[in-house]
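Participant: generate coordinates for the sequence data below:
(one chain, ligands or ions: 2)
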Amino acid sequence: MDKLQMAKEHFAQIVEEQLKRVERMKQDEGPVDYQALDKLIIGCCGGDGIGPAITAQAERVLKAVLKDEVASGKIDFRDIEGLTIENRIVVNKAIPDDVLAELKACHVILKGPTTTPSKGDGPNIESANVAMRRELDLFANVRPVSVPELGIDWTFFRENTEGEYVLGSRGIHIDEDISFDFRVITTQGVKRIAKAAFDFARNNGKKRVAIITKANILKKTDGKFLELCYEVAKDYPEIQVDDWFVDIISANLINEKVRSGFEVFVLPNLYGDIITDEAAQIQGGVGTAGSANIGNRYSMFEAIHGSAPRMVETGRAQYANPASMIKAAELLLRHIGHVDKADRVLAALKVANSTVKMTGRSDGATGAEFADCVIRNL
Ligand code: IPM
Ligand code: MG
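Facilitator: Ligands and ions are numbered 1, 2, ... in the order given. Coordinates of the predicted model:
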C-alpha cells in the first residue's frame, strides 16, 4: 500500500477509537460508593519478579488490619494468579482474558510490579500496567511523597489514561526512515483529573495546586490540559493555582528554597511518570513510594518501581523490601474509607523502616521479617 494511504488509515483508526472513548467518558456515572457495598472484594495480584514475594507480605498486613471485616464477611480477598510475563507472552496479550475477567470481578486491586519487555528484548507486548489502567479506566494516578524533615508534603495527580501512554503501542513506522508515536488529550480526560486534584486539595486542607505542562511547545495537547485545569480551578476559589513547565519543575523539586512551598501537582501521564520518580528519590528512593490508581468503578494500588528480575535470578526475592507494597496497601485502606487503619499501617511502617535493616541480601532481614514488624506494631 502507498505509504501516505497507510498512514492516513492508521491515524483514522486511532481517531475513531479515541472518539469512542470520549463517548464512554461522557456516559460515566461517577464513583461507586465502596461503603455502601454489601461486600467489598480485594484482589491481590503478585505480578513478576519480586512482585509475588513483596505483594504477599503487603497482603498479610492488609489481612491483619482488616481481620474483623473479613470475619464478618464485609470484605473478601481473592488471589489472582496468572498476570505473569510468561503467560502474557503465550497469549500475546498485555493482560490474559481470564485474568482481566478476574480483575473486573473485584472492586480494588493490590498489584505487584509487572515486567514490560522493551523494544528489542523479546516480544512487543504492551505494559500490563498501562493496559490495566486503560481497561479499568483508572484515570487518576495519585502519588504522595512526604519528607517531614525537609518540609516536603507533595501529592501528585498524574493523568493515567491519556498522553503518550495510551497510544504508546500504537505508533507507526512509515518506512525504514520515519516513525511516529501519538499523544492524545481530551476535554473529559483533563477535567476529571483536574477535578480529582482540586477535590483532594479542598478535602485535605491544601492551599496550592501546581499545573505542570510543556504547553509552550506542545500547544494543542498540553495547551488544552493547561487551559482546562485553569477552568476547573475556577470552582475552587480558595485554592491558589499556578503553572510550571516540566523542565523547570524538575529543577524546582531539588531547589531547597522553593520546593517546600508546593503541595498538589496535576500533570499529564508521561511527565507524571518522570517527575514522580524524581520526587520519590528525594523521599528515599522509588522503593519507598506507593501509588494509587483511581477510577470511578475500580481502583488499583501498586509500587512505583519495577519487578527487579535480577534479584530473583540471584535467589534474593525473599530479601526484597516490601515497604513500597505496604505503602500501596495503606493507600488502599485510605481509599476504601478505613482512614484509621491506614494511619495505623503508616505508623507501623515507619517503625519497620527505622528498625528493620533491609539490604536486599542475606545480610539483611527478609521481607517476611519486615512485615512481621509492621504487623506487631499495628
Ligand atoms: C510507573 C511505571 C510504569 C509507568 C511502567 C512500569 C509501565 O514506571 O508506574 O510509573 O511508566 O507508568
Ligand atoms: Mg514510572
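Participant: for the longest helix seen in the chain, which positions count as buried?
Facilitator: As assigned by DSSP state H, the longest helix anywhere in the chain is helix 3-27. Residues of helix 3-27 classed as buried: 7, 10, 14, 18, 21, 25 (neighbour count, 16 or more other C-beta atoms under 10 Å). Backbone N, C-alpha and C define where each C-beta goes, glycine included.
Participant: do stretch 229-243 as well
Facilitator: 229, 232-233, 236, 239, 241, 243.
Participant: can you give me the offset of that stretch from its chain's centre?
Facilitator: The gap between where stretch 229-243 is centred and where its chain is centred comes out at 24 Å by C-alpha atoms, centre = their mean, to the nearest Å.
Participant: which residues of the stretch 51-200 of the chain lie near ligand 1?
Facilitator: The stretch 51-200 of the chain has residues 116, 127, 129-130 near ligand 1, with proximity defined as C-beta under 6 Å from any ligand atom.
Participant: ranges for the strands of the stretch 1-150 of the chain?
Facilitator: If DSSP state E, counting those that start in this stretch is used as the criterion, the strands of the stretch 1-150 of the chain fall at 40-45, 75-80, 108-111, 140-147.
Participant: of the residues of the stretch 51-200 of the chain next to ligand 1, the lowest pLDDT goes to which?
Facilitator: Least confident by pLDDT among those: that is Thr116, with 84.
Participant: how many residues are close by that residue?
Facilitator: Thr116 sits with 20 neighbouring residues when counted by other C-beta atoms under 10 Å.
Participant: tell me the contacts of it?
Facilitator: 125-129 (C-beta atoms under 8 Å, 6 or more residues apart in numbering).
Participant: residues contacting the longest helix of the chain, please?
Facilitator: Contacts for helix 3-27 (C-beta under 8 Å, 6+ apart): 137, 167, 170, 172, 174-175, 180, 182, 184, 186-189, 192.
Participant: poorly predicted segments of the stretch 251-378 of the chain, please.
Facilitator: Residue ranges of the stretch 251-378 of the chain with pLDDT under 70: none are present.
Participant: ok now do the closest residue to ligand 1 within it, which residues does it touch?
Facilitator: Ligand 1 sits closest to Asp273 of the stretch 251-378 of the chain, with a gap of 4.4 Å, by C-beta to the nearest ligand atom. The contact partners of Asp273, by C-beta under 8 Å, 6+ apart, come to 158, 165.
Participant: before we move on, back to that, and which of the buried residues of stretch 229-243 is nearest ligand 1?
Facilitator: Distances from ligand 1 to these, taken by C-beta to the nearest ligand atom, are shortest for Cys229, at 20.7 Å.
Participant: just say helix, strand or coil for Asp243.
Facilitator: strand (DSSP: H, G, I helix; E, B strand; the rest coil).
Participant: which one of the strands of the stretch 1-150 of the chain is the most hemmed in?
Facilitator: strand 108-111 (a mean of 24; mean count of other C-beta atoms under 10 Å).
Participant: need the contact partners of that one.
Facilitator: With C-beta under 8 Å, 6+ apart, strand 108-111 has contacts from 34, 40-45, 47, 55, 58-59, 62, 80, 83, 103, 132, 298-302, 325, 328-329, 332, 335-336.
Participant: what subset of the residues you listed is buried?
Facilitator: Buried among the contacts of strand 108-111 by 16+ other C-beta under 10 Å: 40, 42-45, 47, 55, 58-59, 62, 80, 83, 103, 132, 298-302, 325, 328-329, 332, 335-336.
Participant: residues in a beta bridge with Asp79, which ones?
Facilitator: Taking DSSP bridges as the rule, Asp79 bridges to Cys44.
Participant: OK, contacts around it?
Facilitator: 43-45.
Participant: and which of the residues you listed is nearest Asn160?
Facilitator: Ranked by distance to Asn160 (C-beta to C-beta), the contacts of Asp79 are led by Cys45 at 17.3 Å.
Participant: hmm, Thr84 and that closest one touching each other?
Facilitator: No: judged on C-beta atoms under 8 Å, Cys45 makes no contact with Thr84 at a distance of 10.0 Å.
Participant: what is the burial count for the spatially closest residue to Asp97 that is not a sequence neighbour?
Facilitator: Spatial nearest neighbour of Asp97, chain neighbours left out: Val91 (7.5 Å); criterion: C-beta to C-beta, 6 or more residues apart in numbering. Neighbour count of Val91, defined by other C-beta under 10 Å: 14.
Participant: is it possible to get JSON lines of the strands of the stretch 1-150 of the chain that adds mean pLDDT?
Facilitator: JSON lines is the format used below for the strands of the stretch 1-150 of the chain (pLDDT from 0 to 100):
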{"stretch": "strand 40-45", "mean pLDDT": "98"}
{"stretch": "strand 75-80", "mean pLDDT": "97"}
{"stretch": "strand 108-111", "mean pLDDT": "98"}
{"stretch": "strand 140-147", "mean pLDDT": "96"}
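Participant: need those in JSON lines with distance to Glu256, can you?
Facilitator: Shown next, in JSON lines, are the strands of the stretch 1-150 of the chain (distance: least, C-beta to C-beta, whole Å):
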{"stretch": "strand 40-45", "distance to Glu256": "39"}
{"stretch": "strand 75-80", "distance to Glu256": "43"}
{"stretch": "strand 108-111", "distance to Glu256": "35"}
{"stretch": "strand 140-147", "distance to Glu256": "11"}
